[in-house]
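>>> Just need the structure, nothing else, for what follows:
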Amino acid sequence: MKALLEETDLRKLGSQDIPPMFREVAERGWSTTAGGARVLTDLRPEGPAEYFDRLAEETTVNGRGMTDYDLPTAAHERTPLLLRRCLAYICACLRAAEKEFGDSEVKGYLSLSFADTEDALLTANVTFCTPLPDVPPYIADLEQVENEAVAEISVEDCRLWS
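Predicted structure coming up:
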């Protein structure tokens, strides 16, 4: 992931990079569940749901595959557009979380991998969670992940790209 981030022009990430549906999610902001989870308001399930812990609730509710059907299939064209799209969404959500909660505790997680299809297109998933002192990290040993590119993004990282 480090190489992808270095190779991609990430200057001036903004709402123009985010698909409309994801832009609306970011704009509608965050809320807190009864269990104390910080979740994107538009992604909250309508009915009751049970989770193992707060981390599981946050990652499950906040996690989504990024829209990519409109992107080129050639990897050299697709990769930077998908990366910009995901990071712009992550940054919009993290800025909204900072405003809502008054801290920078929420982190965004981006994973890029090749679809298990004949085309093997690059796809992306994004989720958010708040690291907790009494719960193992969402992705332990982030640097050791294989078979996909993964990054943990903070609101401070986003300041570099806006």
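>>> list the contacts for the spatially most central residue of the chain?
The chain has residue 126 as the residue nearest its centroid, 3.0 Å off, counting by CA atoms, centre = their mean. Listed by CB atoms under 8 Å, 6 or more residues apart in numbering, the contact partners of residue 126 are 63, 64, 66, 86, 89, 90, 108, 109, 110, 111. To be clear about C-beta, it is placed using only N, CA and C from the backbone, and glycine gets the same treatment.
>>> Please convert the residues you listed to a markdown table, extending it with distance to residue 155 and pLDDT.
Shown next, in a markdown table, are the contacts of residue 126 (distance: CB to CB, whole Å; pLDDT from 0 to 100):
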| residue | distance to residue 155 | pLDDT |
| --- | --- | --- |
| 63 | 19 | 97 |
| 64 | 19 | 97 |
| 66 | 19 | 96 |
| 86 | 15 | 97 |
| 89 | 13 | 98 |
| 90 | 9 | 98 |
| 108 | 9 | 98 |
| 109 | 14 | 97 |
| 110 | 14 | 97 |
| 111 | 19 | 95 |
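>>> Of all pairs in those, which one is the farthest apart?
Using CB to CB, the two most remote members of the contacts of residue 126 are 89 and 111, lying 13.5 Å apart.
>>> These two: who's more crowded?
residue 89 (26 against 21; other CB atoms under 10 Å).
>>> Quickly list what the residue nearest to residue 65 when sequence neighbours are not counted is bridged to.
In space, and not counting its chain neighbours, residue 65 is closest to residue 125: 5.2 Å by CB to CB, 6 or more residues apart in numbering. Beta-bridge pairing of residue 125 under DSSP bridges involves residue 65, residue 111.
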